[in-house]
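Peer 1: My questions are about this predicted structure, shown below with the sequence.
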Amino acid sequence: MANFFESIFNRGMNVNVYANAVDKPISFEELSFEQLESLYVTLPDARIIEDFIGDNIAKIEVKVLNSRDNEAKNTPLNQLIDEVNLNQSWREFIKEAFVSYGLTGNMFIHRMSETGYLYNLSTSNTSINLAKDKTLPEYLNYIGSYTQSLGGRDYNLLSDTIFHLKTASLLSENGLWSLGTSPYQSGTKNIKTLNATYSSRVSTIADRGALGFITNESELPDADESRLVQDALETYGTKEDQKKFIVTTQKLKYNQMAMGVSELKYLENLNHDFKSLCQLRGLDPLIFSSEGSTYANQAEARKASLQNVIIPLTDKFYSKFNEWIRPFYNGLRLVPNYESLPEYGNIDTTLSTKLINEVNAGLITKQQASEILYPDLEYIEPQPQPQPIEEDDNI
């Protein structure tokens, strides 16, 4: 794993999304798509974050609606939910799609024309072929087709068989406007220090050498007795803790030779970088905290992640996904049922967002917002805390 992370910062990423190679493809010192995908299996912090987002989106139930907004059953789209492909359930498929999207900033879904099955494509194996029109500015060009490279072969895929969801990107040259930017690109320093910290912890615990000296306090130390003590200490402790003490026949003061794990502040460094990655994904690190937090605080953090991350991502996905599948299923569409989430409760997220903005703008008071959201509850205005009475020396 160390070699993998060392290579991240020693080579650039060449991105060329054109069908025909351009003279000078853009190159920048960042993680390649292959390296971003590998974070899921090499960096536990990235996996914890992406599993949380992917699992929560995947467990949201969906229903099929027709053009009259009535729920439809026993339709080809219902059958797709029941059997998205030969290898995965709908939940497994959706989670995999969002893990790829979270890591790389891109989601590629391929629809098999013959069967209608859906498959997630690896971002690192998929290239975009732009239909270049030299008379137009580059950003007005469009995607003509996609190419998937597997097993040394290239497969050309028509653009209407590919669903592509991407994050925002400010890179416009050489067709990079057509690719999303991974949020982890902004955390490359955190990723590097996380890996260094993990490696250092292992090295400190397993290879830190002698921990200190054990000294014979007699005026005339016996070398044979000291050797017997040293031999006995070779079996003291377990595994890495063995052979961590030195017995000498000299009169010495005790000297500590290795700092403890707590003294090296490894946990503080790990927490800092993990929190940074959480914030890049819009999550409150408190969701994953096991120290210094209460159940109520964690529950509120999870609820906030639902409103600020999970629901917006789900809405973005199904909104664009429905536009893509509409021609294949005669206008049928998928609608997420957020009430299937236990944390969702009865909060109208659209209304609550609107009210928060109005409170911040001074258009309404907090009491008015509370009465709209919770008409059955009595609003209690927070009371100022009583100030301590200062004693008067003259009384």
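Peer 2: Now that the structure is in, tell me what you want to look at.

Peer 1: When you work out contacts or count neighbours from here on, use the C-alpha atoms and nothing else.
Peer 2: Fine.

Peer 1: Show me what the helix or strand where Ala301 lies is packed against.
Peer 2: Secondary structure assigned from DSSP states H and E places Ala301 in helix 295-305. Helices and strands touching helix 295-305, by 3 or more Cα pairs under 8 Å, 6 or more residues apart in numbering; DSSP states H and E: there are none.

Peer 1: and that helix, which residues are buried?
Peer 2: For helix 295-305, the neighbour count (16 or more other Cα atoms under 10 Å) marks 298, 300-305 as buried.

Peer 1: Break down the stretch 51-200 of the chain into its strands, ranges please.
Peer 2: Ranges of strands within the stretch 51-200 of the chain are 61-65, 106-111, 118-121, 126-131, 142-150, 153-158, 162-166, based on DSSP state E, counting those that start in this stretch.

Peer 1: And the ones you listed: which comes nearest Asn87?
Peer 2: Nearest to Asn87 among the strands of the stretch 51-200 of the chain is strand 118-121; the distance by Cα to Cα comes to 9.4 Å.

Peer 1: what about the helices in the stretch 101-250 of the chain?
Peer 2: Under the criterion DSSP state H, counting those that start in this stretch, helices of the stretch 101-250 of the chain are mapped to 188-207, 223-233.

Peer 1: re earlier: restricting to C-alpha, output the helix holding Ala301 in PDB.
Peer 2: C-alpha atoms of helix 295-305 as PDB (Å, rounded to 0.1, in the frame of the first residue of the first chain):
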ATOM      1  CA  TYR A 295     -26.700   9.800  20.900                       C
ATOM      2  CA  ALA A 296     -28.800  12.900  20.400                       C
ATOM      3  CA  ASN A 297     -25.900  14.800  18.800                       C
ATOM      4  CA  GLN A 298     -25.100  11.900  16.500                       C
ATOM      5  CA  ALA A 299     -28.800  11.600  15.600                       C
ATOM      6  CA  GLU A 300     -29.000  15.300  14.700                       C
ATOM      7  CA  ALA A 301     -25.800  15.000  12.600                       C
ATOM      8  CA  ARG A 302     -27.200  12.000  10.700                       C
ATOM      9  CA  LYS A 303     -30.500  13.900  10.100                       C
ATOM     10  CA  ALA A 304     -28.500  16.900   8.900                       C
ATOM     11  CA  SER A 305     -26.600  14.700   6.500                       C
END
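
Peer 1: Residue numbering should commence at 6 henceforth.
Peer 2: Okay, residue one is now 6; in that scheme the one you just asked about reads as helix 300-310.

Peer 1: Compute the inter-axis angle for the helix or strand that that helix is followed by and strand 167-171.
Peer 2: Where DSSP H and E defines the elements, the next helix or strand beyond helix 300-310 is helix 316-330. For helix 316-330 against strand 167-171, the angle by axes from the mean of the first three to the mean of the last three Cα atoms, to 10 degrees is 150 degrees.

Peer 1: Point out the other helices and strands that helix 316-330 packs with.
Peer 2: Contacts defined by 3+ Cα pairs under 8 Å, 6+ apart place helix 316-330 against strand 167-171, strand 338-342.

Peer 1: Which one of the ones you listed lies nearest to Ile315?
Peer 2: Among the helices and strands packed on helix 316-330, strand 338-342 sits nearest to Ile315 (Cα to Cα), with 11.5 Å.

Peer 1: just checking, Asn61 touches Val314?
Peer 2: No: using Cα atoms under 8 Å as the test, Asn61 is too far from Val314 to be in contact (10.1 Å).

Peer 1: low-confidence ranges in the stretch 206-355 of the chain?
Peer 2: Residue ranges of the stretch 206-355 of the chain with pLDDT under 70: 206-227, 230-231, 234-235, 237-274, 295-301, 348-355.

Peer 1: before we move on, the earlier item: so which of the helices and strands packed on helix 316-330 gets nearest Thr120?
Peer 2: strand 167-171 (14.6 Å).

Peer 1: still on that earlier bit, make a markdown table out of the helices and strands packed on helix 316-330 and add mean neighbour count and distance to Asp320.
Peer 2: As requested, the helices and strands packed on helix 316-330 are exported to a markdown table (neighbours: other Cα atoms under 10 Å; distance: least, Cα to Cα, whole Å):
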| stretch | mean neighbour count | distance to Asp320 |
| --- | --- | --- |
| strand 167-171 | 19 | 12 |
| strand 338-342 | 18 | 8 |
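
Peer 1: okay if I get the ones you listed as a markdown table plus distance to Ile114?
Peer 2: Output for the helices and strands packed on helix 316-330, formatted as a markdown table (distance: least, Cα to Cα, whole Å):
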| stretch | distance to Ile114 |
| --- | --- |
| strand 167-171 | 5 |
| strand 338-342 | 16 |
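
Peer 1: which residues does Leu70 contact?
Peer 2: Contacts for Leu70 (Cα atoms under 8 Å, 6 or more residues apart in numbering) come out as 76-77, 337-340.

Peer 1: How about it, nearest residue that isn't a chain neighbour?
Peer 2: Glu76 (4.4 Å; Cα to Cα, 6 or more residues apart in numbering).

Peer 1: these two touch, right, that neighbour and Val69?
Peer 2: Yes: with contacts defined as Cα under 8 Å, Glu76 counts as touching Val69 at a distance of 5.6 Å.
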